[in-house]
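Participant: missing the sequence, but the structure's below:
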């Protein structure tokens, strides 16, 4: 008894903050290197969610600066609706405090842990309070709060609070200092770049230890914020049903109709009939046996899937392509948005994209971009169901090399949107293996694989045609020159011969000395305007004729000419330069045009 009494004295409850203090790895703070990425991720996620709920285009600033040694200051500022002063201490200084946990809709953050976990991590590593500034409107002053977390009670510890002047009409700014490392600087920039890809309506400005980078938005369309829905009958368990029944004041029929998604009066009566329960009985007074019978009946009745169009917010094929093209120059990009589906009563939707060629690395494994509810998944790639689906696909049947993962200049993007993304752990790094999700991911990638195979096949045919055209364009002039020399006559015009052989629009580019020439010969029945795109280090400021417009990026210039061509017509442009680069013709069917660089 003495031992039992002593053990009883040592037993006590622990707060959530105490638990995570000793288990930081569960939240993504398992190392100083990763801690900085997790902090930025949680703050940016909150900022994006807040802006979308307020229906404003996100304009987010991320600042990371070394204060001393291994101590860094992270600042994330947004133009969202702000937080009322009374709620600031709880949002940032209390774990498991939030507004989205009880709502069934797509959102980045759900548990109310992320940003407060960053506050806790800062408190543990430097002891420095977190600074929060927030303003809800231009008519009210901004509120500045310095706070920490009382670890023993998981309650906010307010160091100071005051009203201040702030140049933003509304928004929130959080400043956190903790020990970390910029060893993962490249991965941090990748996270921000990937975030820009799947949030094309957002503008991200980054100041990373005095290096500045901006990820501009590609869409000015405000996305529709998902709406919360009721739970689906096929997605609840007995414990959740008992809790709902205990708080209900109506009859069983009314409880089913008003408390669940897609349940009408007819469906509710069918459930009651199967369960052997009177629909007029008080829901609160159901016995444990009746509760079990009711939930069994709910699983048996065929109930339509939840309204995914209300509670989910997919990116869309067009915006995925535009976001990818902005950050990754590629020759081929396609995207697919699969129809919504359901697992365990939770609606979800899979979106995928494939990119090929361009400036992607030509060797090594394909670049995999994994997302859940518009949030990049940066770690545990091997443990993710998305990676498993990619590995299981036979990419060789789509003309792509494979060694487990596909190999070559290939980019694979997969986005899972759901009201309840099934992660493998609290750190939300990998999607769990759910058969319904895996099926949709596989179908989306296989569909895109067929498009890629068609592109690669057409590219190979075009290359063969280009090789033939290069041979024709190179050999025939030499033959004509030799024949003219033998018969002692002027060199004949070989255009008719070239036209009869090619029967296409032949575009030739050559460098003679320091003069670049592009020549178009239309040997088809095409009658219209084509756009000539030439990208190279040459500015072509002396081009004749002048380009219709010129854009520059880094050290390369893209020149564009709008060229009207009738059947049998020709066009030529020249300038002083070094040649090289890429030449692209748009406005005519690829099968009717062949581009030849005579210097290759």
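Facilitator: Right, received. Where do you want to start? Keep in mind the model is a prediction, meaning the values are calculated, not measured. Residues are numbered from 1 along each chain as shown.

Participant: now do the SS call for the nearest residue to residue 577 once chain neighbours are set aside.
Facilitator: Once flanking residues are discounted, residue 577 sits nearest to residue 538: 3.3 Å by C-beta to C-beta, 6 or more residues apart in numbering. All C-beta spots, glycine's among them, are computed from the backbone N, C-alpha and C. Under DSSP: H, G, I helix; E, B strand; the rest coil, residue 538 falls in the coil class.

Participant: ditto for residue 214
Facilitator: Going by three-state DSSP: residue 214 is strand.

Participant: so what's it bridging to?
Facilitator: residue 205 (DSSP bridges).

Participant: residues in contact with it?
Facilitator: Each residue near residue 214 by C-beta atoms under 8 Å, 6 or more residues apart in numbering is listed here: 203, 204, 205, 206.

Participant: which two in these are spaced the farthest apart?
Facilitator: 203 and 206 (10.8 Å; C-beta to C-beta).

Participant: which neighbours do those two have in common?
Facilitator: 214, 215.

Participant: returning to that earlier point: of the contacts of residue 214, closest to residue 402?
Facilitator: Nearest to residue 402 among the contacts of residue 214, with distances taken as C-beta to C-beta, is residue 204, at 34.3 Å.

Participant: can you get me a residue count around the closest residue in space to the closest one that isn't next to it in sequence?
Facilitator: Distances taken as C-beta to C-beta, 6+ apart place residue 215 nearest to residue 204, at 4.2 Å, with adjacent residues excluded. Other residues near residue 215 come to 24 when the count uses other C-beta atoms under 10 Å.

Participant: need the contact list for residue 215.
Facilitator: 192, 193, 195, 196, 202, 203, 204, 205, 206, 327.

Participant: wasn't the first one part of a helix?
Facilitator: Yes: read with three-state DSSP, residue 192 is one of the residues of a helix.

Participant: need the pLDDT of the most centrally placed residue in the chain.
Facilitator: When C-alpha atoms, centre = their mean is applied to the chain, the residue found nearest the centroid is residue 198 (2.7 Å). pLDDT for residue 198: 91.

Participant: and if you look at the one 3 residues further on?
Facilitator: According to the model's per-residue confidence, residue 201 sits at a pLDDT of 91.

Participant: about what we covered before: so what's the residue nearest to residue 577 up against?
Facilitator: 516, 557, 575, 577, 578, 579, 581.

Participant: next: residue 248.
Facilitator: So residue 248 contacts 255, 259, 283, 284 (C-beta under 8 Å, 6+ apart).

Participant: which SS class is it?
Facilitator: From three-state DSSP, the assignment for residue 248 is coil.

Participant: chain neighbours aside, what residue packs nearest to it?
Facilitator: residue 283 (4.2 Å).

Participant: got it, and residue 490?
Facilitator: In space, residue 490 is closest to residue 484, 6.3 Å off (C-beta to C-beta, 6+ apart).

Participant: against which helices or strands is the helix or strand hosting residue 486 packed?
Facilitator: Following DSSP states H and E, the helix or strand that holds residue 486 is helix 435-487. When contacts are defined as 3 or more C-beta pairs under 8 Å, 6 or more residues apart in numbering; DSSP states H and E, helix 435-487 sits against strand 332-337, strand 341-343, strand 346-356, helix 385-392, strand 410-418, helix 495-502, strand 505-512, strand 593-597.

Participant: about what we covered before: mind checking how far the residue nearest to residue 248 is from residue 255?
Facilitator: 4 Å (C-beta to C-beta, to the nearest Å).

Participant: over to residue 334?
Facilitator: 47 Å.

Participant: and these two? Which one has more around it.
Facilitator: residue 255 (25 against 21).

Participant: just the pLDDT for the more buried one.
Facilitator: 88.

Participant: again with the one 10 residues further on
Facilitator: We have a pLDDT of 89 for residue 265.

Participant: and it, how many neighbours does it have?
Facilitator: Residue 265: 12 neighbours (other C-beta under 10 Å).

Participant: same check on the one 5 residues further on?
Facilitator: The criterion is other C-beta under 10 Å. On that basis, residue 270 has 18 neighbouring residues.

Participant: relative to residue 294, how far out is it?
Facilitator: Counting by C-beta to C-beta, the gap from residue 270 to residue 294 is 12 Å.

Participant: do residue 163 as well
Facilitator: Counting by C-beta to C-beta, the gap from residue 163 to residue 294 is 53 Å.

Participant: with residue 51 instead?
Facilitator: 41 Å.

Participant: now residue 178
Facilitator: Between residue 178 and residue 294 the distance is 50 Å, computed by C-beta to C-beta.

Participant: now do the contacts for residue 88.
Facilitator: Contacts of residue 88 by C-beta under 8 Å, 6+ apart are 132, 134, 143, 145, 147.

Participant: looking at those residues, which are in strands?
Facilitator: 132, 134, 143, 145, 147 (DSSP state E).

Participant: beta partners for the second one?
Facilitator: Taking DSSP bridges, one obtains residue 143, residue 172 as the residues bridged to residue 134.

Participant: likewise residue 575?
Facilitator: residue 516.

Participant: contact partners for it?
Facilitator: 515, 516, 538, 540, 541, 542, 543, 544 are the contacts of residue 575 under C-beta under 8 Å, 6+ apart.

Participant: want to throw those into JSON lines with pLDDT and distance to residue 586?
Facilitator: JSON lines is the format used below for these (pLDDT from 0 to 100; distance: C-beta to C-beta, whole Å):
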{"residue": "515", "pLDDT": "92", "distance to residue 586": "25"}
{"residue": "516", "pLDDT": "92", "distance to residue 586": "20"}
{"residue": "538", "pLDDT": "91", "distance to residue 586": "20"}
{"residue": "540", "pLDDT": "90", "distance to residue 586": "18"}
{"residue": "541", "pLDDT": "90", "distance to residue 586": "23"}
{"residue": "542", "pLDDT": "92", "distance to residue 586": "24"}
{"residue": "543", "pLDDT": "92", "distance to residue 586": "18"}
{"residue": "544", "pLDDT": "92", "distance to residue 586": "22"}
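
Participant: select only the buried ones of those in ChimeraX?
Facilitator: The following ChimeraX line selects those of the contacts of residue 575 that are buried, judged by 16 or more other C-beta atoms under 10 Å:
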select :516,538,540,543
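
Participant: distance of residue 530 from residue 72?
Facilitator: Per C-beta to C-beta, residue 530 is found 53 Å from residue 72.
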